[in-house]
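Enquirer: Next one to model:
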Amino acid sequence: SVVYMISVLENGVQGNGASRQPAISGDGTYVVFTSAASNFTYKDNNAADDIYVKNLNDGSVKLVSVNLSGSAGSQASTSPAINNDGSVIAFTSSASDLAANDANGVDDVFAQVPYKADMAIKAGTDASYIGQDIYNNDGTDQTRSQNGIRKKPIMYLFRVYNRGISDDSFIITGPASSDGWDVKYYIFGTTTDVTNDVTGAGWRTPKLAPGGTTGVYAMVMPDATVAAGSANTLYVKATSTGSPASSDTVKAVTEYPAYAKPDFLIKASTDTDYIGYGIINDDGTGQTKSLDVLANRNAMYLFRVYNTGNANDTIKIQGPGSANGWTVNYYQFGTTTNVTNDVINAGYSLNLNAGDTSGVYALVRPNSTVPIDETFTLNMTATSEFDNNKSDVVKAVTTRK
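Expert: Next up is the predicted model:
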């Protein structure tokens, strides 16, 4: 059999004071012990017993009973215990500076975590991160959501903090591109692409001292095939290499929301081009057409609606009917199908895919009883059924001559 000395630094230096009360983790990786030695770390200046943990894989020895400033506690710590994987160490201490507001003047029991990953997240436009000192593997209370636009990348930053008491490096993992969502990962402050690492076995950070931090950022972009109303979720995880049981996960949710945007245009039958493209309002400003017409003659207007939203939509066209000597009839584009009853009542419905267009034309006719120079106005409205708060108005003004 082979006997190993535990109370010795990785460079072979032995402790200059007595060490005792050993306990080993269930997986055989770590040994905790109490020691009066003062030469295991420069942080030990209390001339009292302290708790240390030795990593049997690399030989390192770390001070466990540290105070809030990272030095040895003000008084003795003893009776260490360690859990199965070495992720939690418990001990008794007379020190009053290991935790905030310890003013009872008696021994207390403390728990310390040698290795602890803490992930935080923010969007590229955010001032601060969320998720610090929150630990879970589903992103609860450390989730950031943004809306995406096709072919335009948006940024998330994923920062890992070393919340343990030992130097540590971390493995950052996250999902790859899928279903029309392009995802790329880069090292903080660089353009170094680590996508293959993150989406594979994981990108390993440099070794971080306690309190140290680094991370990656992601660019997420929906391409032209992404359906309106869909979303992409990234669960990005940091795992301690010192203790793989210690991990933390944040969540980034990018939505490509469906939205409605009917754009109504107008022209006279003799015009080459429509007016009103890209103009959306409820009073016809910038998209009004005027014609003069003789009694018992028709003025013809064409009303074209574009579905400029990103989702398929049913758009209803509504307008006024005949009145006071003016006759108005509406027809389906390119046909003689009369849709007047639809237009003047519940509306004439057009089922349009995103980007599609269709419409109606109107014949406006004054009879001989209409006074000369009297005007008749059609306020024509196109309204989305997907979102009935989205509509556009064009106006046709006819003057009897």
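Enquirer: OK, contacts around residue 309?
Expert: Residues counted as contacts of residue 309 (CB atoms under 8 Å, 6 or more residues apart in numbering) are 228, 258, 259, 260, 261, 262, 354, 384, 386, 390. All C-beta atoms are positioned from the backbone trio N, CA, C, and that covers glycine.
Enquirer: I'd say the last one and residue 258 touch.
Expert: What that stands for is residue 390. No: the criterion here is CB atoms under 8 Å, and residue 390 misses it with residue 258 at 11.5 Å.
Enquirer: Count the neighbours of residue 269 for me.
Expert: By other CB atoms under 10 Å, the residues close to residue 269 number 12.
Enquirer: Quick check: it vs residue 300, distance?
Expert: Distance of residue 269 to residue 300, given as CB to CB, to the nearest Å: 4 Å.
Enquirer: What's the first helix or strand after the helix or strand containing residue 255?
Expert: Under DSSP states H and E, the secondary-structure element containing residue 255 is strand 247-256. Scanning the chain past strand 247-256 towards its C-terminal end, the next helix or strand to appear is strand 262-268 (assignment: DSSP H and E).
Enquirer: For that next one, buried residues please.
Expert: Using 16 or more other CB atoms under 10 Å as the test for burial, strand 262-268 gives 262, 263, 264, 265, 266, 267.
Enquirer: so how far is it off the chain centroid?
Expert: When distances are taken as CA atoms, centre = their mean, to the nearest Å, strand 262-268 is centred 37 Å away from the chain's centroid.
Enquirer: Using CSV, list the CA coordinates for the strand holding residue 255.
Expert: Once side chains and other backbone atoms are set aside, the C-alpha atoms of strand 247-256 remain, and they are given as CSV (Å, rounded to 0.1, in the frame of the first residue of the first chain):
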residue,chain,number,x,y,z
SER,A,247,-23.1,24.7,-12.9
ASP,A,248,-25.5,27.6,-13.7
THR,A,249,-27.7,28.2,-16.7
VAL,A,250,-29.1,31.4,-18.2
LYS,A,251,-31.7,31.6,-20.9
ALA,A,252,-31.9,33.9,-24.0
VAL,A,253,-35.3,33.9,-25.8
THR,A,254,-35.5,35.6,-29.2
GLU,A,255,-38.9,36.0,-30.7
TYR,A,256,-39.9,36.8,-34.3
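Enquirer: Could you give the number of residues near residue 272?
Expert: Around residue 272 there are 5 residues (other CB under 10 Å).
Enquirer: Please report the distance of it from residue 302.
Expert: 12 Å.
Enquirer: Could you do residue 312 as well?
Expert: Noted for residue 312: a distance of 24 Å to residue 302, by CB to CB.
Enquirer: quick revisit: what residues do residue 269 and residue 300 have in common as contacts?
Expert: Residues touching both residue 269 and residue 300 (CB under 8 Å, 6+ apart): residue 361.
Enquirer: Same question for stretch 24-42: list its buried residues.
Expert: Buried, per 16+ other CB under 10 Å, within stretch 24-42: 24-25, 29-38, 40-41.
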